[in-house]
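*Asks:* sequence and predicted model, in that order:
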Amino acid sequence: MAVNVRKISEQELEAQRAYEQKALSLLQKRYTSKPLACVITYGCQQNVADSERIKGMLEKMGYGFTDDRLSAKLIIFNTCAVREHAEDRVFGNVGSLKKYKLSNPDVVIALCGCMMQQQHIADKIKQSFPFVDLVFGTHVIHRVPELIYKALTQKKRIFELPDEDGVIAEGLPVKRDNDKKAWIPIMYGCNNFCSYCIVPYVRGRERSRKVEDVVKEFKGLVNEGYKEITLLGQNVNSYGKDLEPAVNFSELLRILNDVDGDFRIRFMTSHPKDCTKELLETMAQCDKVACHLHLPFQSGNNRVLKAMNRGYTREKYLELINYARELMGDELSITSDIIVGFPGETYEEFQDTLSLIEEIKATSLFTFIYSPRKGTPAAEMDDPISYDEKSKWLRELLALQEKISASQMALHKGKTFKCFVYGKGKLGDNYLAARTDGNLIIEFEGDDRLIGTFKKIKVTEPLTYVMKGELERM
Ligand code: 5AD
Ligand code: SF4
């Protein structure tokens, strides 16, 4: 499924920079102090990364930032379409701004992200939310300066939702939320069409950023002092298949691991179908790559996996986990996503998910009750189990995982982990908080000057959600 990738040209970017300048002088004339923008982000890290680019462009246009919607002159909702619950929250939150907009007509309200890429949602906004000024899709983020400028100067509402899905924009300004932890999207889109999932319809086909572009951004971050850098993609394991010459994800990891500096590389999400032994070996061999594998299995039952169009079996999944454990031992942390109550799933089939959970002993799980998504094959399947019943199954799953997490935590007593000290702790005034490769939190007593560095910490007392530890003297 090759896609015609179109890199946004320097000319197009230049045109956008001209809009940034036009917006800047317009806003300076319109307001005596810096107007504030509030960007509200739902959903996955890709959306967080998109919002950081949107904010980068807004900053150039002269906006400051606030979390308080009611003091903002520009409010942008960057939405998620993966589950209905996230969509309902957006409708609720946008609806609650109606009064504010009516009494402040100069305020611009904009919606973007995956939800907007669905026609029925864009139609609903058009009809039922007349106070929304601007709606734009996932493929035109680089045109934010132009779209906001038009929203500031035109009376007409703007709906900019082109279908073109092969776009990659390099060189956009980024305003990052954190000064130690950063996201780098390495690819966009998804080709997998899992039968329950809306992502391939709203994010388009897979397309990879060039190795040199990723490396340039990565080195820039390391030079700026970033310590935890997460590579993002819906399925990072298929990174590079569309590049010329083809390059694979393991090769990219090795290149980044060789960059000079003290940092940790994370990545997500891996798809079991494309997760290779080479990738696991690369993780084990590269000292700067975190021994953390986020490998969603969704279900432990082979019939359900087939109906989900996942392209692997429970046995293949376990084979990968066992090999990864063989290579990385106790250092490895596994996390996963699970869907409970896929259409037609029986209670017996759900028991296979529970038994898989017992086998893999994940550090933590992200669990979701199936949510029908219009336009996906699963939404057309018979779904006889009630939501209440599915909620009961989910509670059973969570109780099991809680026991597993607690016994896993207990096993860590006396072990030493390389941790990134990211801030103040909560256990007491002189406690600091640090994160292991597997995203476990250890709190220990230490000097504030350790914040922002990697340290070895020995676990002295595993508690329920965090562990107590002490700094290992070197
Ligand atoms: N219903 C419930 N969960 C879903 N996910 C994706 N689509 C759906 C859906 N329709 C979950 C999957 C995926 C995670 C990001 O969201 O578990 O891995
Ligand atoms: Fe959705 Fe499957 Fe693609 Fe993940 S791999 S984004 S679950 S279609």
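*Replies:* That came through fine. Ligands and ions are numbered 1, 2, ... in the order given.

*Asks:* so what does the longest helix seen in the chain touch, helix or strand wise?
*Replies:* Determined from DSSP state H, the single longest helix within the chain is helix 387-411. The contact analysis (3 or more Cβ pairs under 8 Å, 6 or more residues apart in numbering; DSSP states H and E) places helix 387-411 against strand 333-340, helix 347-360, strand 364-369. The way it works is simple: take the backbone N, C-alpha and C, and place the C-beta from them, glycine included.

*Asks:* any residue of it up close to ligand 1?
*Replies:* No: shown here: helix 387-411 not in contact with ligand 1 (Cβ under 6 Å from any ligand atom), separated by at least 10.4 Å.

*Asks:* one more: stretch 340-350?
*Replies:* No: on the criterion Cβ under 6 Å from any ligand atom, stretch 340-350 is out of touch with ligand 1, staying 8.2 Å away.

*Asks:* ends of that stretch, what's the gap?
*Replies:* Taking Cα to Cα, to the nearest Å, stretch 340-350 runs 7 Å from one end to the other.

*Asks:* mean confidence (pLDDT) on that stretch, please.
*Replies:* Mean pLDDT, computed over stretch 340-350, is 98.

*Asks:* so for the longest helix of the chain, what gets flagged as buried?
*Replies:* Using 16 or more other Cβ atoms under 10 Å as the test for burial, helix 387-411 gives 390, 393-394, 397, 400-401, 404-405, 408-409.

*Asks:* around ligand 1, which positions in this structure sit nearby?
*Replies:* 82-83, 196-197, 296, 298, 337, 339, 368, 370-371, 373.

*Asks:* so which of these comes closest to ligand 2?
*Replies:* For the residues of the chain next to ligand 1, the closest approach to ligand 2 (Cβ to the nearest ligand atom) belongs to residue 197, at 3.1 Å.

*Asks:* do you know the pLDDT at that closest one?
*Replies:* 98.

*Asks:* try the one 3 residues further on
*Replies:* The score at residue 200 is 95. That number is its pLDDT.

*Asks:* show me what contacts residue 264?
*Replies:* The contact partners of residue 264, taken as Cβ atoms under 8 Å, 6 or more residues apart in numbering, are 227-229, 288-290, 420, 437, 454.

*Asks:* right, and residue 242 touches residue 210 too?
*Replies:* No: judged on Cβ atoms under 8 Å, residue 242 makes no contact with residue 210 at a distance of 10.5 Å.

*Asks:* now do the lowest-mean-pLDDT helix or strand in the chain: everything it contacts.
*Replies:* Ranking every helix and strand in the chain by mean pLDDT, DSSP states H and E puts strand 6-7 at the bottom, with a mean of 86. Residues from elsewhere that reach strand 6-7, judged by Cβ under 8 Å, 6+ apart: 164, 166-170.

*Asks:* just the buried residues from the residues of the chain next to ligand 1, in ChimeraX please.
*Replies:* Typed into ChimeraX, the line below selects the buried ones among those, using 16+ other Cβ under 10 Å:
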select :82,83,196,197,296,298,339,368,370,371,373
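
*Asks:* and ligand 2, which of the residues of the chain next to ligand 1 contact it?
*Replies:* When Cβ under 6 Å from any ligand atom is applied, the members of the residues of the chain next to ligand 1 adjacent to ligand 2 are residue 197.

*Asks:* can I get the residues of the chain next to ligand 1 in TSV including distance to residue 331?
*Replies:* Output for these, formatted as TSV (distance: Cβ to Cβ, whole Å):
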residue	distance to residue 331
82	31
83	33
196	33
197	31
296	21
298	25
337	22
339	28
368	28
370	33
371	35
373	37
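
*Asks:* and the residues of the chain next to ligand 1, which two are the farthest apart?
*Replies:* Pairwise distances across the residues of the chain next to ligand 1 peak at 16.5 Å for 296 and 373 (criterion: Cβ to Cβ).

*Asks:* any low-confidence regions in this structure?
*Replies:* 1-4, 474 (pLDDT under 70).

*Asks:* what does it have sitting close to ligand 2?
*Replies:* So the chain meets ligand 2 at 190, 192-194, 197, 199-200, 234-235, 271 (Cβ under 6 Å from any ligand atom).

*Asks:* now, these that are in helices?
*Replies:* Counted as lying in helices by DSSP H, out of the residues of the chain next to ligand 2, are 199-200.

*Asks:* so for stretch 63-76, what gets flagged as buried?
*Replies:* 63, 66, 69, 72-76.

*Asks:* same question, stretch 105-114
*Replies:* By 16+ other Cβ under 10 Å, the buried positions in stretch 105-114 come out as 107-114.

*Asks:* pretty sure residue 205 is touching residue 192, no?
*Replies:* No: contact criterion Cβ under 8 Å: residue 205 and residue 192 do not qualify, at 10.5 Å.

*Asks:* picking that back up, deepest-packed of the helices and strands packed on helix 387-411, please.
*Replies:* Mean neighbour count (mean count of other Cβ atoms under 10 Å) peaks for strand 333-340 among the helices and strands packed on helix 387-411, with a mean of 21.

*Asks:* residues contacting that one, please?
*Replies:* For strand 333-340, contacts defined as Cβ under 8 Å, 6+ apart pick out 196, 269, 291-299, 308, 321, 324, 350, 353, 357, 360-370, 390, 393-394, 397, 436-440.

*Asks:* following the longest helix of the chain, which helix or strand shows up next?
*Replies:* Counting by DSSP states H and E, the element after helix 387-411 in chain order, helix or strand, is strand 416-424.

*Asks:* return the distance of the following helix or strand past that following strand from the chain's centre.
*Replies:* Per DSSP H and E, the first helix or strand lying C-terminal to strand 416-424 is strand 431-435. Relative to its parent chain, strand 431-435 has a centroid offset of 23 Å by Cα atoms, centre = their mean, to the nearest Å.
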